[in-house]
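Chemist: Dropping the sequence and predicted coords here.
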Amino acid sequence: MTVPVTRIPLRRFTDERGWFMELMRSSLLPKPVHQSNVSFSRKGVIRGLHFHERGQDDLFVCVQGTARVVVLDRDSGEAFTEDIGEENPVAIYVPGTLAHGYEALTDCVFLYHVTEEYDPEDPDEQGVCWADDRVKHLWSTDEPILSERDTAACS
């Protein structure tokens, strides 16, 4: 069995002005996107691992720099990882019940297209420690920069 993520190659069209790239096409996705988010992360940041019990799916795209996406099937223990960004323009579609996150291998700008709108009154976000034995070896760092919430997932 393999971790059920969808890998979508992105085409970059380059000319003397720079480049253009289509990031998301609804017809290629299992569920419609309802919200898009962007983050900037400094090199060494890990965001995650998170999962959504009610099934919010994520489409990840790194538009500047390089990020390592890590996905864990919590039931089987199988993992998926891929470095995405400028050198590997790929979008990764992650079913929300899988634990997922990314590490900024460089300073990076990262987009999350999600299938559910965030509800601060009833958030659907759970955590798995980034250093879980099933994925710890997949990160490039042993001392990541973490949010308080992601640090708490390791307690």
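Modeler: Yep, that arrived. Numbering: from 1, shown residues only.
Chemist: residue contacts, Thr66?
Modeler: Taking Cβ atoms under 8 Å, 6 or more residues apart in numbering, we find Thr66 in contact with Asp83, Ile84, Gly85, Glu86, Glu87, Asn88, Ala104, Leu105, Thr106, Cys108. Glycine gets a C-beta too; all of them are placed from N, C-alpha and C.
Chemist: Any chance of these in TSV with distance to Gln126 as columns?
Modeler: Below are the contacts of Thr66 laid out as TSV (distance: Cβ to Cβ, whole Å):
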residue	distance to Gln126
Asp83	25
Ile84	24
Gly85	27
Glu86	31
Glu87	32
Asn88	29
Ala104	22
Leu105	25
Thr106	28
Cys108	24
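Chemist: Restricted to strands, list these.
Modeler: Mapping these onto strands (DSSP state E) picks out Asp83, Ile84, Gly85, Ala104, Cys108.
Chemist: Of the residues you listed, which is the nearest to Ala131?
Modeler: Here the nearest of the ones in strands among the contacts of Thr66 to Ala131, counting by Cβ to Cβ, is Ala104; it sits at 16.8 Å.
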